[in-house]
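[1] Quick one: sequence and predicted model below, then my questions.
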Amino acid sequence: MQNKAFVTGASGHLGSALTRSLSALGYQVTAGVRNITKAKLDNNIAGKITHADLLNPDMLSAAMDGADIVFQVAANFSHWSKNSQKEIIQANSDMVKNIFNAAHDTAVKKIIFVSSTGTLARNTTGEIISPNSWCENTYGNPYFQSKIETERLAWSLAEKYHIEMVSVLPSAMINNDLSHSTPTTRFLQSIFKGELPLDLEFDFNLVHINDVSDAIARAGYAGKTSHRYILANPRGLSVKEITQLAQQYNSSVKLPRRVGKNVLLFIATLAELSKYLNIEPKLLKSQVHFYFNQKENYDISLSSEHLNFSPRPMTECINEYFFALASFDPFLVQDL
């Protein structure tokens, strides 16, 4: 395979993993990054790094020129900012518009669009969530609102420009690389350190980032146009179950208390007062509404069939991560 792939957000957590997966399949990779002075490719990756500001249409077209396929990974991953409409929702929409305009101008044949399981239907009953479902209420959370709006925009632009498009929807991603700090790793660290006093009472669905990046790379040639593929574990774990895994490594960790939705909303209301000091709140009311009592059980049959997606179990991923954390403090390691 000699296809030329352009990857946006290539220096990020998923983007860097994807460049490795693509190179392993024989792609010639152009890694688009925002800060070229700090970026580097692994020695075994066939390709190059280029400066790609997704909010600069001319620069983006020049960076994308010559690519056969684009992997759109980059996005503003934040649940809050001083001006969420401009800095999250509008910025992400502008990036998607620029990506598709540049793809049209440079005759790109196919785009693999990285969306999120946050765009899928929510449920509290444990029903299996279909890849064809859509979330109907984000409760004003700008990140999830942005993910839904940008994916719908991408489908519209793909149709307008007659570009083949495949959408992939990963859940929260993890590996044992402690150098990347993400909302997911910070959440797990808070559990591991016993710093999560209250149970937010929702299922958490985690998947290993290498399983995701390999599946996305395969979507380049095996993904069916106009399909959405869920890249997650079939079943999520509760905060209690994750805490019990942490207790194997740190015996001082206590199970978080369950206090109910109304108390969590009251705490979030107090936390949001930090916005007036331009400090990001630790908890948002929109997050409580969005996550509370949610069951993250997904239908991954299409991903397994078309993309050979077979994620390693969540318990294995979490144990691997907790062991890496415990390795920094041998007093936390218990006899297993």
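    Okay, I see it.
[2] From the contact counts, what lies against the helix or strand that contains residue 316?
    Per DSSP states H and E, residue 316 falls inside helix 314-326. With contacts defined as 3 or more Cβ pairs under 8 Å, 6 or more residues apart in numbering; DSSP states H and E, helix 314-326 has these neighbours: strand 172-174, helix 183-192, strand 206-208, strand 237-238, helix 239-246. Every C-beta, even on glycine, is put in place using the N, C-alpha and C of the backbone.
[3] could you redo the last one with a cut-off of 10 Å?
    strand 172-174, helix 183-192, strand 206-208, helix 209-222, strand 237-238, helix 239-246 (3 or more Cβ pairs under 10 Å, 6 or more residues apart in numbering; DSSP states H and E).
[4] Just put these in CSV and tack on mean pLDDT.
    CSV is the format used below for these (pLDDT from 0 to 100):
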stretch, mean pLDDT
strand 172-174, 95
helix 183-192, 91
strand 206-208, 97
helix 209-222, 97
strand 237-238, 96
helix 239-246, 96
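[5] Looking at those, which one is packed in the most?
    strand 206-208 (a mean of 24; mean count of other Cβ atoms under 10 Å).
[6] Show me the contact partners of it.
    17, 117, 170-176, 184, 187-188, 214-215, 230-233, 236-237, 242, 296, 298, 300, 309, 311-318, 320-321 (Cβ atoms under 10 Å, 6 or more residues apart in numbering).
[7] Can you add distance to residue 126 and give the helices and strands packed on helix 314-326 back as CSV?
    Listed next are these as CSV, based on distance: least, Cβ to Cβ, whole Å:
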stretch, distance to residue 126
strand 172-174, 19
helix 183-192, 22
strand 206-208, 18
helix 209-222, 23
strand 237-238, 12
helix 239-246, 14
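[8] out of these, nearest to residue 4?
    Closest to residue 4 of the helices and strands packed on helix 314-326, according to Cβ to Cβ: helix 209-222, at 11.0 Å.
[9] immediately after that closest one, which helix or strand?
    Reading on from helix 209-222 to the C-terminus, the next helix or strand found by DSSP H and E is strand 228-231.
[10] and that following strand, which strands flank it?
    According to DSSP bridges, strand 228-231 forms sheet pairs with strand 164-170 (parallel).
[11] hey, C-alpha coordinates of the strand it pairs with in CSV?
    These are the backbone C-alpha positions of strand 164-170, laid out as CSV (Å, rounded to 0.1, in the frame of the first residue of the first chain):
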residue,chain,number,x,y,z
GLU,A,164,-16.1,9.5,0.5
MET,A,165,-16.4,9.8,4.2
VAL,A,166,-16.3,7.3,7.1
SER,A,167,-16.9,8.3,10.7
VAL,A,168,-15.3,6.6,13.7
LEU,A,169,-16.5,7.1,17.2
PRO,A,170,-14.1,6.2,20.0
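[12] Please point out which parts of that strand sit buried.
    Residues of strand 164-170 classed as buried: 165, 166, 167, 168, 169, 170 (neighbour count, 16 or more other Cβ atoms under 10 Å).
[13] and the last one, what does it touch?
    If a contact means Cβ under 10 Å, 6+ apart, then residue 170 has 14, 114-118, 205, 207, 209, 211-213, 215-216, 229-232 as its contacts.
[14] so what's it bridging to?
    On the basis of DSSP bridges, residue 170 is bridged to residue 231.
[15] just checking, residue 141 touches residue 119?
    No: Residue 141 is beyond contact range of residue 119, at 11.9 Å (criterion: Cβ atoms under 10 Å).
[16] Residues that sit against both of the two, list them.
    Here residue 141 and residue 119 have residue 147 as joint contacts, going by Cβ under 10 Å, 6+ apart.
[17] Show the subsequent helix or strand relative to the host helix or strand of residue 5.
    Assignment of secondary structure by DSSP H and E places residue 5 within strand 4-7. Of the helices and strands lying after strand 4-7 in sequence (DSSP H and E), the nearest is helix 13-24.
[18] May I have that following helix exported as CSV, CA atoms only?
    Taking C-alpha atoms only, helix 13-24 is exported to CSV below (Å, rounded to 0.1, in the frame of the first residue of the first chain):
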residue,chain,number,x,y,z
HIS,A,13,-2.6,11.5,22.0
LEU,A,14,-4.6,9.8,19.3
GLY,A,15,-2.9,11.5,16.4
SER,A,16,0.6,10.2,17.3
ALA,A,17,-0.7,6.7,17.8
LEU,A,18,-2.5,6.9,14.4
THR,A,19,0.7,7.9,12.6
ARG,A,20,2.3,4.7,13.9
SER,A,21,-0.6,2.5,12.9
LEU,A,22,-0.8,4.0,9.4
SER,A,23,2.9,3.6,8.8
ALA,A,24,2.7,0.0,9.9
